[in-house]
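Participant: need a structure here:
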Amino acid sequence: MNKYTEKSNIVYLIIFLMLLALPFVTDSRTLLIMFTQIFLFAIFAMSYDILLGYTGIVSFGHAMFFGIGAYSTGIILKQYDSTIAMLLLAVIVGAIIAGIVSYIVGMLSLRLKSHFYAMLTLAFSGLFLVLAEKWRTLTFGNDGFTFSIPDPLRDRLNLYLIALILMVVIFLSLKRFTHSPVGKVLQAIRENEDRTESLGYHVLHYKVIASVVAGVLASFAGSLYVLTLRFVNTSVFAVDVTLDALLMTIIGGVGTLVGAIIGAGLIEFAHHWLTDLAKVHWIFERWIIFFGILYIVVVMFFPQGIVGTVKMWWGRKKGTQIRRQNEKDISG
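Facilitator: All right, here's what the predicted structure looks like:
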């Protein structure tokens with residue numbers, strides 16, 4: 001473990017402890033809700049980063065898996081008792097369905113170039129959207145439905161802590177996954193798919209693994225999302241949900257994981273902030289315009305995302321220090 005990794009781990013630990021202590025130093029319910037949403041969207045963005053950042057696969061329908069988790073949780077909790085056991089069953093059912101769908105979509109499209117996968121996921125996402133709209137006896141169509149959640153989760157503090165811990169566990173698991181032999185192969189596919197295949201790796205097999213992992217994690221994020229709202233409707237399948245994940249990943253830094261968390265934090269904070277400013281002036285109701293400006297600024301000044309650009313600057317600084325030290329040793 002090098003010094004950079006040690007420092008990073010210390011920073012991560014400090015931030016985690018600060019977030020853990022946050023609910024006990026403030027009684028702001030709004031702040032608690034906002035951070036809970038940041039944590040769950042961070043999970044969603046990290047799942048997308050596995051596809052885009054580590055495997056080089058673009059998806060336009062990632063909201064499909066998010067929606068599967070959301071509806072699975074909502075329907076089971078509405079149809080049956082709102083207990084912890086039923087909640088766990090709902091989350092597992094959503095993850096299984098998302099895993100099966102991602103496997104099928106991956107096997108159908110990942111043999112071809114990535115844009116075929118992007119279009120097929122968009123088509124499947126649209127299919128699930130239509131299904132949720134038309135199967136009114138189960139989903140109540142566009143109107144959606146409310147449902148009860150287990151009593152312990154009615155406390156926003158408990159929901160906050162669960163979302164925080166789940167985000168940290170998934171982050172550490174994905175960090176280990178991306179540093180594993182499988183993760184290294186995924187990154188090799190991203191850099192040069194043909195060369196990776198020429199080395200004897202079954203590229204389709206690894207792409208499907210990335211697709212299934214991303215789909216299952218997106219389902220977890222969807223389940224958490226509807227627990228915070230206690231309501232679900234067809235908006236969870238909207239293309240905007242996928243675009244949010246894409247924006248979070250790119251702003252934070254593609255292929256960094258921690259960048260997805262930072263991107264989720266910035267987007268959600270900006271959304272809440274602009275929503276509050278809408279009460280001051282009508283122009284802030286058009287918050288999508290400000291998101292566009294934010295995206296342009298990040299692309300201009302942080303071409304590799306915030307984390308990616310900081311790493312590049314740090315690498316240049318270290319390289320300059322090493323070069324100066326070598327010159328000093330030679331002259332000495």
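Participant: so where's the stretch 201-332 of the chain uncertain?
Facilitator: Regions of the stretch 201-332 of the chain meeting the criterion pLDDT under 70 cover residues 274-291, 303, 314-332.
Participant: What's the local residue count around the spatially closest residue to T83 that is not a sequence neighbour?
Facilitator: In space, not counting the residues next to it along the chain, T83 is nearest to P150; the distance is 5.8 Å by C-beta to C-beta, 6 or more residues apart in numbering. (Each C-beta comes from the backbone N, C-alpha and C, glycine too.) Taking other C-beta atoms under 10 Å as the neighbour definition, P150 ends up with a count of 17.
Participant: how about the residue nearest in space to the middle of the chain, what does it touch?
Facilitator: The structure's the chain has its C-alpha centroid closest to A45; by C-alpha atoms, centre = their mean the separation is 1.7 Å. With contacts defined as C-beta atoms under 8 Å, 6 or more residues apart in numbering, the neighbours of A45 are 245, 248-249, 252, 260-261, 263-264.
Participant: Next: F65.
Facilitator: With contacts defined as C-beta under 8 Å, 6+ apart, the neighbours of F65 are 47, 98, 101-102, 214-216, 218-219, 222.
Participant: Over to G263?
Facilitator: 45, 247-253, 305-306.
Participant: Where does it fall, secondary structure wise?
Facilitator: Take DSSP states H and E as the rule and G263 turns out to sit in helix 258-277.
Participant: how about the strands in the stretch 51-200 of the chain?
Facilitator: Assigned strands in the stretch 51-200 of the chain, in chain order: 145-146 (criterion: DSSP state E, counting those that start in this stretch).
Participant: which residues touch the helix or strand harbouring L243?
Facilitator: Using DSSP H and E, the element containing L243 is helix 239-252. Under the contact criterion C-beta under 8 Å, 6+ apart, helix 239-252 has outside partners 41-42, 44-45, 47-49, 52-53, 59-63, 66-67, 122, 125, 235, 258-264, 266-267, 291, 294-295, 298-299, 302, 305-307.
Participant: That helix: how far from the chain's middle?
Facilitator: A distance of 8 Å separates the centroid of the chain from that of helix 239-252, by C-alpha atoms, centre = their mean, to the nearest Å.
Participant: rewinding a little: quick check on the contacts of F65: which are buried?
Facilitator: Buried subset of the contacts of F65 (neighbour count, 16 or more other C-beta atoms under 10 Å): 47, 98, 101-102, 214-216, 218-219, 222.
Participant: For L161, state which of these is nearest.
Facilitator: G222 (19.6 Å; C-beta to C-beta).
Participant: nearest residue to the closest one other than its sequence neighbours?
Facilitator: Here the nearest residue to G222 in space, its sequence neighbours aside, is G69; by C-beta to C-beta, 6+ apart that works out to 3.1 Å.
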